[in-house]
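> with the input below, show me the fold.
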Amino acid sequence: MLRLGTRSQSLVRGRPAHFSGFKQPRLRVRAMATAAVAADTSKAYDDLAAKLRELDALNGISGLLGWDELVMMPEGAVGSRGAQKSALAGVLYDKRTDQQLGQLLKQLKDATAELDPVQAAVVRDAYRSYVRETAIPKELAQRIAKLETDAYVTWVAARKASDFSQFAPYLQQWVDVNKQKAAAIDPAKPAYDVLLDDYEKGMTAARLDEIFAEVRKGLVPLIAELRSKGTPPNDEWLKGTFDIDKQAALCKEVALELGFNTDTGRLDVSVHPFTGGAHPTDVRMTTRFKEHDLTEGLTGAIHETGHALYEQGRNLDKDWEGLPVNSALSMGIHESQSLFWERMVALSKPFAAWLLPRIMQHFPDFPERSASDFFEALNVIKSPSLIRVEADEVTYPMHIILRYEIERGLMDGSIKVSDVPAVWNAKMKEYLGTAPENDAQGCLQDVHWSAGPFGYFPTYSLGAMYACQIYEYAKQQLPELEQQIQQGNFKPLREWLNENIHRKGSLYPSGDELMQAVTGSALKPQTFLAYLRSKYGQLYKLN
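Numbers count the residues shown, from 1 in each chain. Presented below is the predicted three-dimensional model:
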């Protein structure tokens, strides 16, 4: 022992610095430095998470104010609610653009290699949001806020008069403002890509062109063939008068059977159906009913239930709760969950067999028809299909593609605002075989362009395609799925979606990457087209 000690000392004193005795102190210094950096990164992440969770809580308050305004608020409270929302918006803006938040994000973005996948996703999405919030100059933000009000008022009047020329100057302003906004956020990217990223993270116009070209190529001839050669199912027998209270009771029963949890949510009636709330434990769902249309209330309630199940199913693990990674990945993915239940499940033959007896219980005078008759009547293609919100699942994508192509043209200059009605009508004739008689039925039918959200429309059809691909894969993973649906056993499917979609939140940076992780492939429009051709080919007896 003494000899070893003596030898060690002599080696330390007598050998050059590259010898092992001189390495240990330097390794210890490096290890200490690495540990200090790791500790600094860990503290920075904890500080960031605290700020983001506070923002999430404030956003929850904003969500509750919005829900209350549309569902419960007395008319006389409009002024005070406006002041409350304005005050809260100011607080949120200050916190979203806080310099310390930006410094933390910059520090952590440079230290991504030290973060786990969940933390990296938090930093990625929080940084993206911070850049977008802080890039827009105050003057431009104020112009946008004013234009939202002015353009909406003008759109209402123009639609009533069926006169696009009244609205045209405001649409031109939105084109100009959106170009400025995109240039402020990322001048290196095409303007439409920047705008699209607000609603569908990771999507580009080039990728949309690829997807929509495939859909257009397959759908236009299918629609023409179904109309010229197909035999439409009979849906006349669905018409009647249906008590509103009984419709509400039926829709609540269906929503609960699908899995909507009233311990962490509530269901109400509003003029425009929506799903909102404050937190996965406080989800507010609304729907509406028409006395002479039973199916609209049912499909609307099921649609909103799909949104609500996504919200209630978000990941509440401590590393996820209240952070951007726990948010819905995109508008398209959120829409996929509502359309999954509304179209892939509720418009299927197994679901028709489950639903029909429940309708009979609530409406004893409902015509006595078979489940097959009911399934066929629910899936009639609109002819003509002039109005987007009334379109069926076959014609709907062409309504979206038309709007996308016009938005792209307005942004790249290939379409002038004054030419929108003519372009609209020509594309309607080409894609759907019909043209509107006036602007109110045509290019003025949607409220969207009065608010300027270019890039929003595509998410509707992306959602339908995501839903179809997810459902086809779910059938492989759950071999008894359609039998379970017919029996009203929705739990296996709901839990599968919760594990594979809901709880994944925004872990992946794009819908394509989520699809790759869940189904083994990025979004494939061919899957959607094959589904439509198979289903409607049989329904319309093309085969």
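> for the helix or strand where Ser86 lies, packing partners?
Here Ser86 sits within helix 78-96, counting by DSSP states H and E. Helix 78-96 is packed against helix 20-71, helix 117-135, with contacts defined by 3 or more Cβ pairs under 8 Å, 6 or more residues apart in numbering; DSSP states H and E. Bear in mind the C-beta positions are built from the backbone N, C-alpha and C, glycine included.
> may I see the buried residues of it?
For helix 78-96, burial by neighbour count (16 or more other Cβ atoms under 10 Å) applies to 92, 96.
> counting by contacts, list what whatever helix or strand comes next after that helix packs against.
Later in the chain than helix 78-96, the nearest helix or strand by DSSP H and E is helix 99-109. With contacts taken as 3+ Cβ pairs under 8 Å, 6+ apart, helix 99-109 sits against helix 20-71, helix 117-135.
> and among those, the most buried is which?
Each of the helices and strands packed on helix 99-109 was assessed for mean neighbour count using mean count of other Cβ atoms under 10 Å. The highest is helix 117-135, with a mean of 19.
> pass me the low-pLDDT residue ranges in this protein, would you?
1-37 (pLDDT under 70).
> phi first, then psi, for the residue nearest the centre of it.
In the chain, the centroid-proximal residue (Cα atoms, centre = their mean) is Met331; its distance is 1.7 Å. When read as degrees, to the nearest 10, the backbone of Met331 gives phi -60, psi -40.
> would you enumerate the residues in contact with it?
199-200, 456, 459, 463 (Cβ atoms under 8 Å, 6 or more residues apart in numbering).
> I'd like the distance between it and Asp439.
Met331 sits 27 Å away from Asp439, going by Cβ to Cβ, to the nearest Å.
> which parts of this structure are strands?
Assigned by DSSP state E, the strands in the chain fall at 265-269, 275-279, 282-287.
> figure out which of those strands is closest to Met72.
strand 265-269 (7.9 Å; Cβ to Cβ).
> relative to strand 275-279, how tilted is that closest one?
Taking axes from the mean of the first three to the mean of the last three Cα atoms, to 10 degrees, one finds that strand 265-269 is oriented at 150 degrees with respect to strand 275-279.
> contacts made by strand 265-269 with the rest, please.
71-72, 248, 252, 255, 260, 277, 282-289, 308, 311-312.
> 6 Å - rerun?
71, 252, 283-286, 308 (Cβ atoms under 6 Å, 6 or more residues apart in numbering).
> go on, stretch 441-457?
148, 151-152, 155, 158-159, 164, 171, 174, 178, 195-196, 199, 386-387, 400, 403-404, 407, 420-421, 424, 436.
> kindly report the same for stretch 44-56.
So stretch 44-56 is contacted by 95, 101, 104, 107-108, 119, 126, 322-323 (Cβ under 6 Å, 6+ apart).
> tabulate those in TSV, adding columns for distance to Thr299.
Below are those laid out as TSV (distance: Cβ to Cβ, whole Å):
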residue	distance to Thr299
Lys95	39
Leu101	42
Leu104	45
Gln107	48
Leu108	44
Gln119	40
Ala126	36
Gly322	33
Leu323	34
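> what is the nearest of the contacts of Met331 to Pro273?
Looking across those and measuring by Cβ to Cβ, the closest to Pro273 is Gly463, at 15.7 Å.
> residues in contact with stretch 376-393?
226, 232-233, 235, 238, 343, 347, 394-395, 399, 432, 434, 436, 441, 445, 539.
> could you rerun that using 8 Å?
Counting by Cβ under 8 Å, 6+ apart, residues outside stretch 376-393 touching it are 223, 226-227, 232-235, 237-238, 295, 343, 347, 352, 369, 394-396, 399-400, 403, 428, 432-434, 436, 441-442, 445-446, 464, 532, 535-536, 539-540.
> show me these that map onto helices.
When these are checked against helices (DSSP state H), the matches are 223, 226-227, 295, 352, 396, 399-400, 403, 428, 432, 464, 532, 535-536, 539.
> which of these has the largest number of neighbours?
Within the ones in helices among the contacts of stretch 376-393, neighbour counts (other Cβ atoms under 10 Å) peak at Ala464, which reaches 27 neighbours.
> what sits against that residue?
335-336, 339, 343, 393, 396-397, 528.
> and of those, the nearest to Ala39?
For the contacts of Ala464, the nearest to Ala39 is Ser336 (40.9 Å; Cβ to Cβ).
> just the buried ones from the contacts of strand 265-269, in PyMOL syntax?
Entered in PyMOL, the line below selects the buried ones among the contacts of strand 265-269, by 16+ other Cβ under 10 Å:
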select buried, resi 71+283+284+285+286+308
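> let's have the contacts of strand 265-269 in a markdown table, adding distance to Asp186.
A markdown table is the format used below for the contacts of strand 265-269 (distance: Cβ to Cβ, whole Å):
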| residue | distance to Asp186 |
| --- | --- |
| Val71 | 37 |
| Lys252 | 45 |
| Val283 | 33 |
| Arg284 | 34 |
| Met285 | 35 |
| Thr286 | 36 |
| Ala308 | 34 |
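> Phe374: which of the contacts of strand 265-269 is nearest?
Using Cβ to Cβ, those come closest to Phe374 at Lys252, 20.4 Å.
> quick check: chain neighbours aside, which residue is closest to that closest one?
Leu267 (5.8 Å; Cβ to Cβ, 6 or more residues apart in numbering).
> picking that back up, turn the helices and strands packed on helix 78-96 into CSV, columns for distance to Leu481.
Below are the helices and strands packed on helix 78-96 laid out as CSV (distance: least, Cβ to Cβ, whole Å):
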stretch, distance to Leu481
helix 20-71, 33
helix 117-135, 30
